[in-house]
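Colleague: Need a 3D model of the following:
(one chain, ligands or ions: 2)
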Amino acid sequence: MTDRKASNELRVAIAGLGSIGTKIATALDEGIEGLTLSAVAVRDPAKHQAFLGGLRHQPQILPIDRLGEVADIVVECAPSSQLRAIVEPAVKRGRSAVVVSVGGLLDNFDLVDLARARGGRILVPTGALIGLDAVNAAAVGTIHSVKMVTRKPIDGLRGAPFIVQNNIDIDDLREPLKLFEGSARDAAKGFPANVNVAVALSLAGIGPDRTQMQVWADPTVTRNVHRIEVEADSARFSMGIENIPSENPKTGMITALSVIALLRKQRATLCVGT
Ligand SMILES: NC(=O)C1=CN([C@@H]2O[C@H](COP(=O)(O)OP(=O)(O)OC[C@H]3O[C@@H](n4cnc5c(N)ncnc54)[C@H](O)[C@@H]3O)[C@@H](O)[C@H]2O)C=CC1
Ligand SMILES: O=C([O-])CC(=O)C(=O)O
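Modeller: Ligands and ions are numbered 1, 2, ... in the order given. Next comes the predicted model:
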């Protein structure tokens with residue numbers, strides 16, 4: 001059934017069934033305590049027929065702007081160009097929106113005000129990153145600086161607007177090449193499908209203009225590698241993560257797992273980590 005809602009079950013809808021969305025749909029269909037998958041939005045339903053047919057419970061298929069009609073939580077996992085169309089109608093209804101295309105939030109930050117005014121929420125998972133619990137905690141005090149260095153294999157960077165606009169040839173690289181150095185805000189403009197993590201880090205900490213970032217094209221790595229240094233009045237810490245790319249080479253496998261962990265927390269009795 002599609003509009004199952006046992007007494008206090010939270011209904012979840014997913015916008016975009018790509019590398020992240022399909023994993024989340026599968027986890028919900030297999031069972032997350034207190035949550036049901038009520039609907040999905042896809043661009044081309046025929047393409048997803050086999051996947052959807054394999055689910056135990058069939059979710060409704062709705063346009064992206066109608067998911068909030070049948071869900072308490074709308075999970076955005078589409079390209080960032082679709083973020084507003086997914087999140088705005090959901091938070092207008094007072095729903096929660098889980099946003100993975102976090103970079104897209106920077107140009108749509110009024111959605112946070114809209115959510116506040118309508119009783120909605122915007123939840124940003126840690127995603128392909130690490131340690132946002134510590135950054136959140138440090139931000140309660142004073143953070144002096146946050147520096148992040150991202151290295152990705154060539155396949156994970158191809159087509160990024162910064163590379164295209166600057167005519168940079170990364171295909172024949174033999175050694176690591178620093179492509180970009182600047183703020184997380186500018187990095188998100190140049191690499192919208194690559195550095196959502198830097199924007200999440202910046203929103204947890206000192207904001208997209210003060211968070212400093214480097215992006216490297218690195219033919220010597222096979223994983224998406226992120227290293228972060230935080231200097232705060234409460235602590236100094238270094239964090240690193242080496243993500244195995246998913247079937248989408250730009251996206252680390254751990255991203256979907258992070259959203260599933262966030263969804264589990266919505267109704268879990270024991271919650272660990274901030
Ligand atoms: N926050 C984080 O840590 C991370 C965020 N991301 C971001 O998450 C987002 C999703 O990533 P992936 O799942 O790897 O991308 P993907 O390209 O595998 O999947 C996106 C899906 O959205 C669908 N889609 C596009 N327009 C649509 C529309 N109008 N209605 C419904 N569906 C539509 C596409 O057909 C595709 O199936 C991207 O914006 C990516 O940059 C990726 C990695 C880490
Ligand atoms: O998966 C990763 O390592 C990070 C990523 O693509 C992003 O932040 O958009």
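Colleague: Contacts for the host helix or strand of residue 89, please.
Modeller: When secondary structure is defined by DSSP states H and E, residue 89 falls within helix 83-92. The contact list for helix 83-92, computed with C-beta atoms under 8 Å, 6 or more residues apart in numbering, reads 15, 41, 64-68, 71, 74, 76, 78, 96-97, 99, 101, 104-105, 108, 111, 114-115, 118, 120-122. Where C-beta positions appear, they are placed from N, C-alpha and C, glycine not excepted.
Colleague: Give the ChimeraX command for selecting the buried subset of the residues you listed.
Modeller: Buried subset of the contacts of helix 83-92, written as a ChimeraX selection, criterion 16 or more other C-beta atoms under 10 Å:
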select :15,41,64,65,66,67,68,71,74,76,78,96,97,99,101,104,105,108,111,114,115,120,121,122
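Colleague: now, which of the contacts of helix 83-92 lie within helices?
Modeller: Among the contacts of helix 83-92, DSSP state H puts 111, 114-115, 118 in helices.
Colleague: hey, where'd the strands end up in the protein?
Modeller: 10-15, 35-41, 60-61, 73-76, 96-99, 121-123, 143-152, 177-183, 212-217, 224-232, 236-243 (DSSP state E).
Colleague: Export the ones you listed to JSON lines and append columns for mean pLDDT and distance to residue 269.
Modeller: Written out in JSON lines, the entries for the strands of the chain read as follows (pLDDT from 0 to 100; distance: least, C-beta to C-beta, whole Å):
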{"stretch": "strand 10-15", "mean pLDDT": "98", "distance to residue 269": "15"}
{"stretch": "strand 35-41", "mean pLDDT": "98", "distance to residue 269": "14"}
{"stretch": "strand 60-61", "mean pLDDT": "97", "distance to residue 269": "29"}
{"stretch": "strand 73-76", "mean pLDDT": "98", "distance to residue 269": "18"}
{"stretch": "strand 96-99", "mean pLDDT": "98", "distance to residue 269": "20"}
{"stretch": "strand 121-123", "mean pLDDT": "98", "distance to residue 269": "19"}
{"stretch": "strand 143-152", "mean pLDDT": "98", "distance to residue 269": "32"}
{"stretch": "strand 177-183", "mean pLDDT": "98", "distance to residue 269": "41"}
{"stretch": "strand 212-217", "mean pLDDT": "98", "distance to residue 269": "38"}
{"stretch": "strand 224-232", "mean pLDDT": "98", "distance to residue 269": "31"}
{"stretch": "strand 236-243", "mean pLDDT": "98", "distance to residue 269": "28"}
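Colleague: Let me see the contact set for whichever residue of the chain sits closest to ligand 1.
Modeller: Among the residues of the chain, residue 18 lies closest to ligand 1, at 1.7 Å counting by C-beta to the nearest ligand atom. Under the criterion of C-beta under 8 Å, 6+ apart, the neighbours of residue 18 are 77-78, 248.
Colleague: how far away is it from residue 59?
Modeller: Applying C-beta to C-beta, to the nearest Å, one obtains 16 Å for the distance of residue 18 from residue 59.
Colleague: again, but for residue 148
Modeller: When C-beta to C-beta is the yardstick, residue 148 and residue 59 sit 36 Å from each other.
Colleague: Which of the two has more residues huddled nearby?
Modeller: Set side by side, residue 148 and residue 59 give different neighbour counts by other C-beta atoms under 10 Å, the larger being at residue 59 (26 against 23).
Colleague: Wait, the more buried one touches residue 25, no?
Modeller: Yes. Between residue 59 and residue 25 there is a contact at 7.5 Å, judged by C-beta atoms under 8 Å.
Colleague: residues shared between the contacts of these two?
Modeller: With contacts defined as C-beta under 8 Å, 6+ apart, the residues shared by residue 59 and residue 25 are 14, 37, 40.
Colleague: Can you give me the neighbour number for the spatially closest residue to the second one that is not a sequence neighbour?
Modeller: This points to residue 37. Closest residue to residue 37 apart from its sequence neighbours, by C-beta to C-beta, 6 or more residues apart in numbering: residue 28 at 3.9 Å. Residue crowding around residue 28 was assessed by other C-beta under 10 Å; the count is 24.
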